[in-house]
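[1] dropping the sequence and predicted coords here.
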Amino acid sequence: MTSNEMLATYESLSELTGTMLNAARQGEWDHLATLEQRCQGYVGNLMQAAPVKMNEHEQRTKVAIIRAILQNDAQIRALTEPRLNELQQRLHMLRTSQRSIEAYGAHRA
């Protein structure tokens, strides 16, 4: 991967996390999950790439893009964590309810 290709990949990842942030803001959770899978593909490509020499300008550009990605990620987490907590509470209530039904059903038989 050349430095231009790497920067283009980081830029695509930044744009994708921006789209993810919009999906989270709008509560489009299924779309967000689909975008997350695409995001993992970009991250995988970057992790598998051999180190690339970059000049100072390219390095600064890369750092600025990574900062934007991290800001998007932090905002996405802030929007999704309350939803995840809500889902965990619902699952807990369902499990508790299911155990009660199973226990009650065992006593009725």
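    Sure, I can see it.
[2] longest helix in this structure, please.
    Counting residues, the longest helix found in the chain (DSSP state H) is helix 56-108.
[3] for that one, the averaged confidence score.
    Across helix 56-108, the average pLDDT comes to 85.
[4] on contacts alone, who are the packing partners of that helix?
    helix 3-25, helix 29-48 (3 or more CB pairs under 8 Å, 6 or more residues apart in numbering; DSSP states H and E). Every C-beta, even on glycine, is put in place using the N, C-alpha and C of the backbone.
[5] nearest to residue 80, out of these?
    helix 3-25 (5.8 Å; CB to CB).
[6] how about that closest one, which residues are buried there?
    6-7, 9-10, 13-14, 16-21, 23-24 (16 or more other CB atoms under 10 Å).
[7] and it, how far out from the chain middle?
    Distance of helix 3-25 from its chain centroid, counting by CA atoms, centre = their mean, to the nearest Å, is 12 Å.
[8] before we move on, what about stretch 72-92?
    11 Å.
[9] relative to helix 3-25, how tilted is the longest helix of the chain?
    40 degrees (axes from the mean of the first three to the mean of the last three CA atoms, to 10 degrees).
[10] tell me the angle of helix 56-108 relative to helix 29-48?
    Going by the same axes, to 10 degrees, helix 56-108 makes 130 degrees with helix 29-48.
[11] circling back: what is the nearest of the buried residues of helix 3-25 to residue 100?
    Using CB to CB, those come closest to residue 100 at residue 24, 34.5 Å.
[12] which residue is the nearest non-sequential neighbour of that closest one?
    residue 79 (4.1 Å; CB to CB, 6 or more residues apart in numbering).
[13] residue 13 now?
    Nearest non-adjacent residue to residue 13 (CB to CB, 6+ apart): residue 42, at 4.4 Å.
[14] could you measure from the one you found over to residue 10?
    Residue 42 sits at a distance of 8 Å from residue 10 (criterion: CB to CB, to the nearest Å).
[15] average pLDDT for stretch 38-51?
    The average pLDDT within stretch 38-51 is 92.
[16] export it to CSV, keeping only CA atoms.
    Output of stretch 38-51 as CSV, limited to C-alpha atoms (Å, rounded to 0.1, in the frame of the first residue of the first chain):
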residue,chain,number,x,y,z
ARG,A,38,-17.9,-2.1,6.5
CYS,A,39,-15.8,-0.2,9.0
GLN,A,40,-14.2,-3.4,10.3
GLY,A,41,-13.1,-4.2,6.7
TYR,A,42,-11.3,-0.9,6.4
VAL,A,43,-9.7,-1.3,9.8
GLY,A,44,-8.6,-4.9,8.8
ASN,A,45,-7.0,-3.6,5.6
LEU,A,46,-5.1,-1.0,7.6
MET,A,47,-3.9,-3.4,10.2
GLN,A,48,-2.7,-5.9,7.5
ALA,A,49,-0.9,-3.2,5.5
ALA,A,50,2.9,-3.0,5.8
PRO,A,51,4.3,0.1,7.4
